[in-house]
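Undergrad: sequence and predicted structure are below.
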Amino acid sequence: MSLTGLTLAQAAAGVAAGEFTATELTEAALARIEAVNPKLNAFLRVEEETARKGAAAVDAKRAAGETLGPLAGVPLAHKDMYYRAGGLTTCGSRIRREFRPETTSTALARLAEAGATYLGGLNMAEFAMGPTGHNEHFGSCRNPWDTTRITGGSSSGSGSATAARLCYGALGSDTGGSIRLPAGFCNLAGMKPTQTRVSRFGAMGLSFSLDNVGPLTRTVLDNALMLAAIAGRDPLDPTSARIPVPDYAAAARVPGASGVRVGVARGFFEEDADEPALAARDSALAALVAAGARPVEVDVGDMARINALSAPLTASEAATLHAHWLRERPQDYGAQMRARCETGFRFSAVDYLSAQQFRPRIVTEFAERVFSVCDVLLAPTFNVATPTIEETDVGSSQGFEAVISRLSRCTRPFNYLTLPGLALPTPEAVLGMPGSIQLVGRPFGEAALYRLGAAYEAETGFPDRAPDL
Amino acid sequence: MSETERDEPFPGYRYDPAASARADRAQAVLRSAVLDHGDGSLFDTEPQHIETALARLAPEDGV
């Protein structure tokens, strides 16, 4: 197998064992990026020098007999919204095309501490607002499984680059589905952790209440390794949780589905669905059952109400963050971004605070009702066939609201509900493209998702599928 | 002043009429959800109670 075909865990183990060097891994990734990225537009910027320097430092450390971190020498790349002091961070925007922050995000600092190297910034929707992967300023990102189709967004480059073996994993961010959707459309594992599980310090904000930092990877264990590196309390983000972080990698290394009650989310999640997407969901349920899980029916309640309540949070908070630039340079925004911020200005303070006030009660009621019946909830990540880039290139026209609403219908509720969601590929494709389910757990229940996800992976073998590029 | 001439939120800024219509719809749906599901028991709830709720719902063994 080529070096780029290894999983993140295999790459880290190989460097640690001296089977190959970090420099060899990095050179292999850079060569593949050069060959494949022009077809995908996944990288906005490749930072060869930074990558080579990082790899050389890991190799020197190993040669000196020093202890290596769990991700030592593994080349990663990230959605271009994670600040690195002195480095470019465009946020996928014209406004920040030349932005060089003075601080480094906690997530990147922790990945560097774990030994990972940095390949560059990945494509994304402008300021992380948009579920398709379109970007008016840098060009749309393409899906490696079919380059005429969307990657999903807003972490479009994270999905495309990881699936195409340009890097071993990538950070995305998820405010309404932006990790889970590109993971789903690109045949990857994508974790939206519990709200407050990962520090948001130095991660470009879109919505204070709904933003989450998390990884997209090819396997469940890879995902657990990345989340383990970044999760946990951070004094620089006072909203980050103090709850201890369990050993996610240990959970993923001991797959377990036997007797796990999997609640099947129906109703809202099946409405307005494309039949092949539901068939793919059913194939995933069958795989979980084959692995030993026990399916149960569960009443998820009124999810449309939850989406209605989350709307003022995203829109008002984004409008607040962008008010200055919207006033000073509205022409520098893409049509969708501008239109969605405008919606935020129209909600009243009482609208916004009502949605916030409802949240503790709704989260509690949902968790108590659902997780008294099941251990993990199963829902489709999306219930539509993957659209083409062309048919979703709708700017701010009347069609765009429907596109956004339909694509992120199944993911948005879990941001308002704060719950962790692990997107995983389905055994059955959706009209020739990857399908996806999300396993949703109770707050801070990521380890249980990894354990079940690893059993599902062993049953389905989804990481063995690779796009032909 | 008509919707298309509205110069909020900043003087001289023109709302996209389509965005205004979308905002009206989103606001109506939200207010209906609040009307249907809100009651006096929320009187003592502050938004930051979400932190307490999450801590209480977390699994005790972390798994």
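TA: Now that the structure is in, tell me what you want to look at.

Undergrad: pull the longest helix from chain A.
TA: helix A:303-328 (DSSP state H).

Undergrad: tell me how far that one lies from the chain's centre.
TA: Chain-centre distance of helix A:303-328: 20 Å, with CA atoms, centre = their mean, to the nearest Å.

Undergrad: what residue ranges in chain A score low on pLDDT?
TA: A:396-398 (pLDDT under 70).

Undergrad: stretch A:445-465 and chain B, any residue contact?
TA: Yes. If you take CB under 8 Å from any CB of the partner chain as the test, stretch A:445-465 does meet chain B, through A:445, A:447, A:448, A:451. For every residue, glycine as well, the C-beta is placed using N, CA and C.

Undergrad: so which bits of the stretch 251-400 of chain A are right by chain B?
TA: A:251, A:305, A:308-309, A:311-312, A:315, A:319, A:323, A:326-327, A:330, A:338-340, A:342-343, A:345-347, A:351, A:353-361, A:363-364, A:367-368, A:396-398.

Undergrad: isn't residue A:421 right up against residue A:191?
TA: Yes. With contacts counted by CB atoms under 8 Å, residue A:421 reaches residue A:191, the gap being 7.5 Å.

Undergrad: which neighbours do the two have in common?
TA: When CB atoms under 8 Å, 6 or more residues apart in numbering or on different chains defines a contact, the residues bordering residue A:421 and residue A:191 alike are residue A:449.

Undergrad: who's more crowded, those two?
TA: A side-by-side neighbour count of residue A:421 and residue A:191, using other CB atoms under 10 Å in any protein chain shown, places residue A:191 first with 35 against 31.

Undergrad: what's in contact with the one helix or strand that one maps to?
TA: Element membership for residue A:191 (DSSP states H and E) is strand A:189-192. The set of residues external to strand A:189-192 that reach it, using CB under 8 Å, 6+ apart, is A:159, A:172, A:174, A:177, A:179-180, A:182-184, A:212, A:214-220, A:222-223, A:227, A:411, A:414-415, A:420-425, A:446, A:449, A:453, A:457.

Undergrad: give me the contact list for stretch A:211-218.
TA: For stretch A:211-218, contacts defined as CB under 8 Å, 6+ apart pick out A:7-8, A:107, A:155, A:158-159, A:162-163, A:168-175, A:179, A:182-183, A:186, A:188-193, A:195, A:197-200, A:203, A:205, A:222-223, A:226-227, A:230, A:415, A:463.

Undergrad: actually, stretch A:343-358.
TA: A:209, A:309-320, A:323, B:8-9, B:19-20, B:22-24, B:26-27, B:30-31, B:34, B:37-38, B:42, B:45-47.

Undergrad: hmm, try it at 6 Å
TA: Contact with stretch A:343-358 is made by A:309, A:312-313, A:315-316, A:318-319, B:9, B:19, B:22-23, B:30, B:34, B:42, B:45, B:47, as judged by CB atoms under 6 Å, 6 or more residues apart in numbering or on different chains.

Undergrad: buried stuff in that stretch?
TA: A:343, A:344, A:345, A:346, A:347, A:351, A:352, A:354, A:355, A:356, A:357, A:358 (16 or more other CB atoms under 10 Å in any protein chain shown).

Undergrad: in TSV: those residues, plus distance to residue A:102 and secondary structure.
TA: Shown next, in TSV, are the buried residues of stretch A:343-358 (distance: CB to CB, whole Å; DSSP: H, G, I helix; E, B strand; the rest coil):
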residue	distance to residue A:102	secondary structure
A:343	32	helix
A:344	28	helix
A:345	30	helix
A:346	34	helix
A:347	33	coil
A:351	35	helix
A:352	31	helix
A:354	37	helix
A:355	34	helix
A:356	31	helix
A:357	36	helix
A:358	38	helix
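
Undergrad: just give me the closest of those to residue A:55.
TA: residue A:344 (42.8 Å; CB to CB).

Undergrad: leaving out chain neighbours, which residue sits closest to the closest one?
TA: residue A:319 (2.8 Å; CB to CB, 6 or more residues apart in numbering or on different chains).

Undergrad: point me to the residue of the stretch 1-150 of chain A nearest chain B.
TA: Using CB to the nearest CB, the closest approach of the stretch 1-150 of chain A to chain B is made by residue A:129 at 13.3 Å.

Undergrad: my guess is that residue contacts residue A:335. True?
TA: No. Residue A:129 lies out of contact with residue A:335 (CB atoms under 6 Å); the separation is 11.5 Å.

Undergrad: neighbour count winner among these two?
TA: Between residue A:129 and residue A:335, residue A:129 has the larger neighbour count (other CB under 10 Å), namely 29 against 17.

Undergrad: now do the contacts for the more buried one.
TA: Contacts of residue A:129 by CB under 6 Å, 6+ apart are A:337, A:340.

Undergrad: where does residue 15 fall, helix, sheet strand or coil?
TA: Using chain A here. For residue A:15, the assignment made with DSSP: H, G, I helix; E, B strand; the rest coil gives helix.

Undergrad: tell me how many other residues surround it.
TA: Residue A:15, neighbours per other CB under 10 Å, totals 25.

Undergrad: gap between the residue lying closest to residue A:148 once chain neighbours are set aside and residue A:423?
TA: Once flanking residues are discounted, residue A:148 sits nearest to residue A:388: 5.2 Å by CB to CB, 6+ apart. Distance of residue A:388 to residue A:423, computed by CB to CB, to the nearest Å: 21 Å.

Undergrad: which of the helices or strands spans residue A:438?
TA: Taking DSSP H and E as the definition, residue A:438 sits inside strand A:436-440.

Undergrad: from the residues of stretch A:445-465 next to chain B, which ones fall inside strands?
TA: Using DSSP state E, no member of the residues of stretch A:445-465 next to chain B falls within strands.

Undergrad: of the residues you listed, just say which sits nearest to residue B:13.
TA: Nearest member of the residues of stretch A:445-465 next to chain B to residue B:13, counting by CB to CB, is residue A:445, at 44.2 Å.

Undergrad: where in chain B is pLDDT low?
TA: B:1-7, B:61-63.

Undergrad: residues of it that sit close to chain A?
TA: Residues of chain B that fall close to chain A, judged by CB under 6 Å from any CB of the partner chain: B:9-10, B:15-16, B:19, B:22-23, B:26, B:29-30, B:33-34, B:42, B:45, B:47, B:49-50, B:53-54, B:57-59, B:62-63.

Undergrad: what number of residues lie near residue A:8?
TA: 25.

Undergrad: what of residue A:420?
TA: 27.

Undergrad: residue B:56 too?
TA: Using other CB under 10 Å: residue B:56 sits among 12 other residues.

Undergrad: list the buried residues of the host helix or strand of it.
TA: Using DSSP H and E, residue B:56 sits within helix B:49-57. Going by neighbour count (16+ other CB under 10 Å), the buried part of helix B:49-57 is B:49, B:50, B:53, B:54, B:57.

Undergrad: packing partners for it?
TA: Judged by 3 or more CB pairs under 6 Å, 6 or more residues apart in numbering or on different chains; DSSP states H and E, helix B:49-57 is in contact with helix A:349-370.

Undergrad: any chance you could list what contacts stretch A:52-69?
TA: With CB under 6 Å, 6+ apart as the criterion, stretch A:52-69 contacts A:16, A:21, A:22, A:23, A:26, A:72, A:73, A:114, A:115, A:117.

Undergrad: gap between the most centrally placed residue in chain A and residue A:264?
TA: By CA atoms, centre = their mean, the mean C-alpha position of chain A lies nearest to residue A:179, the distance being 2.0 Å. With the distance defined as CB to CB, residue A:179 ends up 23 Å from residue A:264.

Undergrad: thinking again about what came up before, just the buried ones among the residues of the stretch 251-400 of chain A next to chain B, please.
TA: So, by 16+ other CB under 10 Å, the buried ones in these are A:251, A:305, A:308-309, A:311-312, A:315, A:319, A:326, A:330, A:338-340, A:342-343, A:345-347, A:351, A:354-361, A:363-364, A:367, A:396.
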